[in-house]
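In: could you look at this predicted model? Sequence included:
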Amino acid sequence: HPLIQITMSLQDNFITTTISLAVDDRTRHWFYLSSTPRTAAQRRATIHEQDAGGAVKAVQQRIYNGRGRNDDLTLDNCSFELLPDCPTALSNGEFYKIQAGDQDLQQRYYDEVKAIVKKKLGCDQVICFNSQIRNAAKIGQEGNIQGYAVGGPHTDASPVTGDALAWSFVQQLKEEGVNTDEFKRYSYLNLWRNISNDPIHDNHLAVLDERTTAKPDDYIPKDLFGDDFDAVQYGLNARHAAHHKWYYFPQMTRTEAILFKQIDSDFTKPGRICFHMSVSDPNAPANAPDRESMEVRLMCFWKDSALNSMPTNDNFQLDLLKEPKTYAMELKSGGGGGAITTWTGSLLTGIGSLLSRIPLIGGWLASFMGGSSQQPAEYSGKASDYQARFVSAVTFFSYWPAVAKTWVEGTMASNPFAKGVRVITEALVDDTTGRQRTQAFLPQQKREIVDYLMTNEEYLGVCQKNFGKFVKERD
């Protein structure tokens, strides 16, 4: 996802964060979520030379504490709901075994989820079909554990994605002898829970009350491309951000869960699809354990519904659907327009200039990132104007590529803290690839920014949090 996150502050009953919202720029947005960088040949084969596209804007947003008003925040009203009584018989270690491929444990947990959801929603059929553990300390381990989806609000699906998925499950159920002709409604959902024995102190799941969105204005279509899948989802428009109301549930325990919608076929419901993201908490203890969570995707079907909103042979033109990735390749090969080069990811903005300073990596990086499409910026004259972007880059250190982490670790281990941070900061501000838009600044101007950052409490704070652990004790 495009990522921008600066700082957060706690006031009264909410936290404030800067997030990256989509802008309706009259283009089709996209994002490649690949486990490995695409090759040059793969990039040339599609209209998408870059891994992300579509305009974005940084917006400051309040995230409210949702506890104490759960009667108002219900699934069909706002597209999500906290389930305060959602125990599990599985241990923390057993959840990780599921991620590693234990089918028996997975079925045990799926059975738990089905029972909870059927009782809660009164649906007739529940199919659990995917689970994912997220833990920033174990990214890539034990069956591809993933990090947190920070900074960029998104949905995981859209009506057409949901229809296609529901259709495929209906065909599967028919083969199993289920009378699917009686189904009148489906809902594609996630059940998200803490799997740790400790409450969640940081990187909370934030969810948007869909009643506060402007329809259809706020829903910016985006094509998501994974290693072995693609889907149409939505980015959230910045146009009506002042009206959006976000919630999180602090200190979630393993006996609670959040149920939220990916898409509901019943278009009369106020809550049909849930924008969500992860947000960090400025009040989290410095030694707070990493968030450990598991999400399960599920498809629910109802026979009893006032409205029949199921996709059928008559109303769902499956034969006319295109796979986004295939279509992008067709457009390129058919000459239907040149490559799209807009790049909007802000996490790799900071990493790009850093990696280009590492021997043997700079050339690969230039190929991977494709160079900057933005015009060189002029120095504003105030070093403080550049604080936010570099705080953001360091904040997301846990998502940097392994080679960048290794370089940072080596730099910090071989230097005192202040000197190591300065070396890394100089690399970021030098901005070899032009991602931070400080590349064209004069050397003296770059030094002013580095000097300012090296005295800035917020910047040094995120450096201490992310880099300080690599400093070796010295005699």
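Out: Received the coordinates, thanks. Note that the structure is a prediction, hence the values are computed from the model and not measured. Residues are numbered from 1 along each chain as shown.
In: which parts of the chain are helices?
Out: Here the chain has its helices, by DSSP state H, at 40-44, 75-78, 92-100, 103-121, 141-144, 159-175, 324-333, 347-355, 362-369, 387-395, 402-413, 417-430, 443-453, 457-467.
In: which parts of the stretch 101-250 of the chain are strands?
Out: Ranges of strands in the stretch 101-250 of the chain, per DSSP state E, counting those that start in this stretch, are 125-134, 185-194, 204-208, 219-225, 230-236, 246-248.
In: Gly147: which of those is closest?
Out: Closest to Gly147 of these is strand 125-134 (C-beta to C-beta; 6.4 Å). Where you see a C-beta, it was placed from the backbone N, CA and C, and this is true even at glycine.
In: can you show me the CA trace of the closest one as CSV?
Out: C-alpha atoms of strand 125-134 as CSV (Å, rounded to 0.1, in the frame of the first residue of the first chain):
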residue,chain,number,x,y,z
GLN,A,125,-23.7,-21.4,5.4
VAL,A,126,-20.2,-20.2,6.4
ILE,A,127,-17.1,-21.0,4.4
CYS,A,128,-13.7,-20.2,5.8
PHE,A,129,-11.1,-20.1,3.1
ASN,A,130,-8.0,-18.2,4.2
SER,A,131,-6.1,-17.1,7.3
GLN,A,132,-3.1,-14.9,7.9
ILE,A,133,-0.9,-14.1,10.9
ARG,A,134,0.6,-10.6,11.2
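In: elements contacting that strand?
Out: helix 92-100, helix 103-121, helix 159-175, strand 293-302 (3 or more C-beta pairs under 8 Å, 6 or more residues apart in numbering; DSSP states H and E).
In: would you mark the buried spots in it?
Out: Gln125, Val126, Ile127, Cys128, Ser131, Gln132, Ile133, Arg134 (16 or more other C-beta atoms under 10 Å).
In: what average pLDDT does it get?
Out: Confidence over strand 125-134 (mean pLDDT, whole number) is 95.
In: could you measure from Asn77 over to Arg254?
Out: Note on Asn77: its distance to Arg254, by C-beta to C-beta, to the nearest Å, is 26 Å.
In: so which of the helices and strands packed on strand 125-134 is the most surrounded?
Out: strand 293-302 (a mean of 22; mean count of other C-beta atoms under 10 Å).
In: low-scoring stretches of the stretch 51-200 of the chain, by residue?
Out: 70, 151 (pLDDT under 70).
In: and the helices of the chain as CSV, adding distance to Asn197?
Out: Formatted as CSV, the helices of the chain follow (distance: least, C-beta to C-beta, whole Å):
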stretch, distance to Asn197
helix 40-44, 43
helix 75-78, 27
helix 92-100, 6
helix 103-121, 17
helix 141-144, 18
helix 159-175, 34
helix 324-333, 41
helix 347-355, 31
helix 362-369, 40
helix 387-395, 27
helix 402-413, 28
helix 417-430, 33
helix 443-453, 38
helix 457-467, 24
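In: quick one: closest of the ones you listed to Ala55.
Out: Nearest of the helices of the chain (C-beta to C-beta): helix 347-355, 14.7 Å.
In: picking up where we left off before, nearest to His243, out of the helices and strands packed on strand 125-134?
Out: helix 159-175 (22.5 Å).
In: not counting sequence-adjacent ones, nearest residue to the residue minimising distance to the centre of the chain?
Out: Nearest to the centroid of the C-alpha atoms of the chain, with distances taken as C-alpha atoms, centre = their mean, sits Ala149, at 2.7 Å. Using C-beta to C-beta, 6 or more residues apart in numbering and skipping residues adjacent in sequence, the residue nearest Ala149 is Ser278, 5.2 Å away.
In: do you know how far that neighbour is from Val429?
Out: Going from Ser278 to Val429 by C-beta to C-beta gives 28 Å.
In: would you confirm that Glu210 contacts Cys274?
Out: Yes. Counting by C-beta atoms under 8 Å, Glu210 touches Cys274, with 6.7 Å between them.
In: out of these two, which sits in the more crowded spot?
Out: Under the neighbour definition other C-beta atoms under 10 Å, Glu210 and Cys274 were set side by side, and Cys274 has more, 27 against 24.
In: for that one, give me phi and psi.
Out: Dihedral angles of Cys274 (phi, psi; degrees, to the nearest 10) stand at phi -110, psi 120.
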